[in-house]
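**Q** have a look at this fold, sequence not included:
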């Protein structure tokens, strides 16, 4: 595949007229060819008008048609895994194995949504059949099911150039729901974005689906993203990134003449609570587990544990000494962009001033993106006095907070903002004694873990990758797992409709064989007594 | 029961210090005793702090406990139906039979949610069991279910003093979800609100549930409502009322440091499309059906049909003549408040200036709340030129638009904003020929009706009472029917938890016997292979 540097609008190449920018190799600090051209305001409108036209057709597409498209994209991504990893490695400095694994995660995600829509029960069909003899008033026949919202604007994330970017979970779930997608490419990996965009466009053509189902727009700044969210045809927004960026989009979406849902996953500090039994029995194992988790992907995971509460106890010093040793010995890291690296360094400096003790190896020589791991330590009182310490540091750093006793842990938990995850490391006895702590953490996080590390986000039915603000914009939804499709769908009710005019999913005979709630009972059976 | 005129805060009487206001008898225009006292800012905080305390306990309550409370409230409402109707009639001028029916609807709604939470499957439990041998990485055990959001602020609506007010669908669904409720009473029926509030408080005491589960606050203006939505402990808002009021609350909710979901149902014009076959075969029947629907409850229904598209045809004049006759002969109406009546009259005057022909009987003598029915007529071209004509007029008026042919109807449909409902009146042949029109209306409304009138909103599983903005703030939800509970719940995921520390709904043996998605299969069975 060739990288052309222009936006892709409903299967056609965009113009070479807008402001230019280049991808940067974080390892060398050098610009990568070719030049990329920002989309124009007119191209924003073209993309959304094409999306709206595609929506009118695609919203009525069958589960099988949608599944075929998703499978086609998945297969083509897999076939291009080497090519994608090669470019993504240049643009992100992430290792090849990780990038190939991420491509597989991305294609698996697409296949998972293909299964969901092919099976079909996700539409939550409900039928309340007519009760013509009910007194005082008869009940009409009422049937409802989920239907797609319309064009969705997706913002690619910097830290997962495949799984949370152009063909990532947001795009997969929106297409599965029946929504066209306009992606604003992340400028940190424009080449990878274009390659994936070409795969999407070619897949759409190959399946005979409407071209307007997908567009990819480049931008050197913020104008294109803002115009996309403001455009009257946009019906929903999905974003993964910083709190500042997410909140800006939330505010634009809420201020529109016709406000639209904006699901922003804005990362979090993902507290870990080390419980006394675990500390007593496996301090060294916890040290190495923590180190592995907070430095995974150079600490650039939304679920990186950035805050670890450890009870003061006999083995606390063992755990700390081992963590310091691992941190001190760590090789250097290369972060995704100079801006991320600069933010990382500034955050560490701020924390140094706030009285936390730092273990940092000498920063490695290298480009503007080079960074060293950092272990920060403080006590509970200092932590309470410095609210800034609980904020996310994006990069390979974590903060260890020494606590005296259970009460301090409970108080720390009560004081938490919303997080994507909260983790307990303990024995089963620890956990049984921690019902109060669990009860607090359930309110504070989308996912609560026991004896695991939060950096792995499984893509499955039960996953929740969201959480109370500021972890996400709306804790009622998730951006990972099959539930993610619910962000882009709405119930529509049909009253008194003859069979022939109903969507298939709502007809008496249940031709799709889906699970439906019929007169209060969930069943795959046809509606009884129907003619 | 005695009406005291003070707010009810977690089971205790509020203070008599705030600005006073009185209920008004719309029939006589006279003030009704006693005086009501606006809540103070401190009382807002007291109510929400009590709600938060109650939440910590109530979120863990069983379905049976919640059902018991909901049944108790329902039984007590039924027992007080006569007393409630007597006061509500004085405050709203709605007829006794309607108010008694509305009490029954209210108690039935509470019982419906009792059934939902007692059965328990509404929590959408999902289990992905561990795959320890999976390559390259094992899958941890992941389980998720819906849990309550926290304290919910509910705004009573003026037009349904029982079913959409203090113990209405918002309160019922929030309590069922496990959320405490703070109601801002609608000042148009404060006495009815207090009586229902007392029933709620007594029911909570009788069930031994936490007092903070419910508070009722009065206000003569907007300060209390604004303070409630701004309060950091508030986790969601539910509102039924005007577009202006709903948008104001949406904006406050979105601007908070920690934004929260605000479900506002803001009414709509509920277009009706009369199709040629129906016009040819039953013009007179349609005239009387339309008249009945647009004047029901003095036209003060969110689902009142305020816009009727009729094809020009042989029978158009018959339909119009009959509608004019019915309108001309109608007795006077008494609207809920002087402000509603003044708005109604102003809206009709504006429409008269915009070139629509009006049929209005002489306005009846009476109070400031008196109003006459109005039939407005215009042609399609005028309708297109005057966008204001498509806005809601709250009161017993409708606008009939004569259209030339199918194309005009389709164009009218494409131009619609979001509505709660859209209705087709036709023969089955009409409907079969209207697939394109249906496809447009599905995108524009939460509920699409065939050969019915939208003013009846059935309370059932399949109902959708919502719709694209400005009909509601978020078309992904409904405020009527069992789905309404989903507004107040969020998924929480547990990873790697031992059985004993999981909520009952997620344990292997499925002690509640609920439907769960287990490894992709929906089942009531216990998890297989569990020890």
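**A** Arrived safely. Small disclaimer: the values here were computed from a predicted structure and weren't measured.
**Q** pull out the buried residues from the helix or strand hosting residue A:98.
**A** Residue A:98 belongs to helix A:96-119 when assigned by DSSP states H and E. Of all the residues in helix A:96-119, those buried under the rule 16 or more other CB atoms under 10 Å in any protein chain shown are A:98-114, A:116-118. The way it works is simple: take the backbone N, C-alpha and C, and place the C-beta from them, glycine included.
**Q** show me what that helix is packed up against.
**A** Applying 3 or more CB pairs under 8 Å, 6 or more residues apart in numbering or on different chains; DSSP states H and E, one finds that helix A:96-119 contacts helix A:63-79, helix A:81-92, helix A:169-177.
**Q** and the helix or strand of chain A with the lowest mean pLDDT, which strands flank it?
**A** Least confident helix or strand of chain A, by mean pLDDT, DSSP states H and E, is strand A:357-359 with a mean of 82. When pairs are called by DSSP bridges, strand A:357-359 turns out to pair with strand A:374-379 (antiparallel).
**Q** in the stretch 351-500 of chain A, which spans are strands?
**A** Secondary structure of the stretch 351-500 of chain A (DSSP state E, counting those that start in this stretch): strands at A:357-359, A:370-371, A:374-379, A:397-403, A:419-425, A:445-450, A:489-495.
**Q** do me a favour and average the pLDDT over the third one.
**A** Which is strand A:374-379. Mean per-residue pLDDT for strand A:374-379: 95.
**Q** angle of it against strand A:397-403?
**A** If you take axes from the mean of the first three to the mean of the last three CA atoms, to 10 degrees, strand A:374-379 sits at 20 degrees to strand A:397-403.
**Q** sort out which residues of strand A:374-379 are buried, please.
**A** Per 16+ other CB under 10 Å, strand A:374-379 contains these buried residues: A:374, A:375, A:376, A:377, A:378, A:379.
**Q** what parts of the stretch 251-400 of chain A come near chain B?
**A** Residues of the stretch 251-400 of chain A lying near chain B by CB under 8 Å from any CB of the partner chain: A:251, A:254, A:255, A:258, A:259, A:260, A:261.
**Q** from those, which is closest to residue B:357?
**A** residue A:258 (31.4 Å; CB to CB).
**Q** just the pLDDT at residue A:361, thanks.
**A** Here, the pLDDT recorded for residue A:361 equals 79.
**Q** where's it relative to chain B, distance?
**A** Applying CB to the nearest CB, to the nearest Å, the value for residue A:361 to chain B is 28 Å.
**Q** contact partners for residue A:20?
**A** For residue A:20, the contacting residues are A:35, A:36, A:37, A:38, A:220, by CB atoms under 8 Å, 6 or more residues apart in numbering or on different chains.
**Q** who does the third one form a beta bridge with?
**A** Translated: residue A:37. Bridge pairing for residue A:37 - DSSP bridges - gives residue A:20.
**Q** count the residues that sit near it.
**A** For residue A:37, the count of nearby residues is 23 (other CB atoms under 10 Å in any protein chain shown).
**Q** quick check: it touching residue A:224?
**A** No: using CB atoms under 8 Å, residue A:37 is not in contact with residue A:224, being 11.1 Å away.
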